[in-house]
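In: Return atomic coordinates for the entry below.
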Amino acid sequence: MGEVVKDGREEVIQAWYMDDSEEDQRLPHHKDPKEFLSLDKLAELGVLSWRLDADNYETDEDLKKIRESRGYSYMDFCEVCPEKLPNYEVKVKSFFEEHLHTDEEIRYCVAGSGYFDVRDRNEAWIRVWVKKGGMIVLPAGIYHRFTVDSDNYIKAMRLFVGEPVWTPYNRPHDHLPARVHR
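Out: Okay, the predicted model is just below:
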C-alpha cells in the first residue's frame, strides 16, 4: 500500500470557508458543515505558504532562501496582544477592516496564531489560520483582513521588498492597478 504523504504546512496553516455570523471575529467561524480548502487551492488565489522553523528563524536557511529569491530585504516584528499593543481593542478592530495593499503582504508567525481572511474570486471569505511556523504571502490587490484568534496573541515577522509600505486601501479600491488581474 502506498503511504499518504501529508503536507507539513497543514500543521501550521489551515484554511476554510467562513460562515456569515456577526459573532466575535476571534472565533473560528466555520460553516456547518465545515468546508476546508487545500493550500493548493489558496495558491490558485495567489496566497503562498511555507512551514518554517520559528524557533530558529535567525539561522533558518529556508527562510534565507525565500528572502533572497523573492527580494525581501526589510524585516521587522509586530506583536499583537493586549500587553504589547497600545489601544489593543481599537487596533484589532481596525486590522479587521477589509482592505488591500498595492504590494504583497508577507507574514511569518514566529509565536502565537491569528486569522488572515481573504476573498475568493466569488467574493466569499476564506479564513486562513496561521500558527507558529507558518508563513504566508498575500498577493498585491487581494481584499483581506486580519484578526487574532481567541488566544489574543501573535508575534509575526513582517517582510518587505525595499522600504516598508503599510498603506491599506479600504474597500472599495477596485480602480487600483493591483486589482486589474483579481
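In: What is the helix or strand of the chain with the lowest mean pLDDT packed up against?
Out: Using mean pLDDT, DSSP states H and E, strand 169-170 stands out as the lowest-scoring helix or strand of the chain, at a mean of 84. When contacts are defined as 3 or more CB pairs under 8 Å, 6 or more residues apart in numbering; DSSP states H and E, strand 169-170 sits against strand 99-100. All C-beta spots, glycine's among them, are computed from the backbone N, C-alpha and C.
In: what sits up against the least confident helix or strand of the chain?
Out: The contact list for strand 169-170 (CB atoms under 8 Å, 6 or more residues apart in numbering) reads Glu97, Glu98, His99, Leu100, His101, Thr102, Leu176.
In: could you pull out the helices for this protein?
Out: Taking DSSP state H, the helices of the chain run over residues 39-44, 61-70, 88-95.
In: returning to what we had before: quick one: buried ones out of the contacts of strand 169-170?
Out: Neighbour counting by 16 or more other CB atoms under 10 Å classes His99, Leu100, His101 among those as buried.
In: show me where pLDDT drops low in this protein?
Out: For the chain, the stretches flagged by pLDDT under 70 are 1-5, 180-182.
In: now for the helices of the chain, which one comes closest to Ile136?
Out: helix 39-44 (8.3 Å; CB to CB).
In: What strands line up against the least confident helix or strand of the chain, and which way round?
Out: strand 99-100 (antiparallel) (DSSP bridges).
In: how far away is the spatially most central residue of the chain from Phe77?
Out: Central residue of the chain (CA atoms, centre = their mean): Phe116, 4.1 Å from the mean position. Distance of Phe116 to Phe77, given as CB to CB, to the nearest Å: 17 Å.
In: What residues of the lengthiest strand in the chain count as buried?
Out: Longest among the strand segments of the chain by residue count, using DSSP state E, is strand 105-119. Across strand 105-119, burial judged by 16+ other CB under 10 Å covers 105-119.
In: Closest one of the buried ones among the contacts of strand 169-170 to Lys155?
Out: Top of the list for closeness to Lys155, among those and by CB to CB, is His101 at 20.7 Å.
In: Roughly how far does the closest one sit from Trp166?
Out: From His101 over to Trp166 (counting by CB to CB), the distance is 8 Å.
In: can you give me the strands for the protein?
Out: 13-17, 36-37, 48-51, 74-80, 99-100, 105-119, 125-131, 134-138, 144-148, 154-160, 169-170.
In: Could you dump those strands into JSON lines and include distance to Lys6?
Out: Output for the strands of the chain, formatted as JSON lines (distance: least, CB to CB, whole Å):
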{"stretch": "strand 13-17", "distance to Lys6": "13"}
{"stretch": "strand 36-37", "distance to Lys6": "14"}
{"stretch": "strand 48-51", "distance to Lys6": "11"}
{"stretch": "strand 74-80", "distance to Lys6": "29"}
{"stretch": "strand 99-100", "distance to Lys6": "33"}
{"stretch": "strand 105-119", "distance to Lys6": "20"}
{"stretch": "strand 125-131", "distance to Lys6": "16"}
{"stretch": "strand 134-138", "distance to Lys6": "15"}
{"stretch": "strand 144-148", "distance to Lys6": "27"}
{"stretch": "strand 154-160", "distance to Lys6": "24"}
{"stretch": "strand 169-170", "distance to Lys6": "37"}
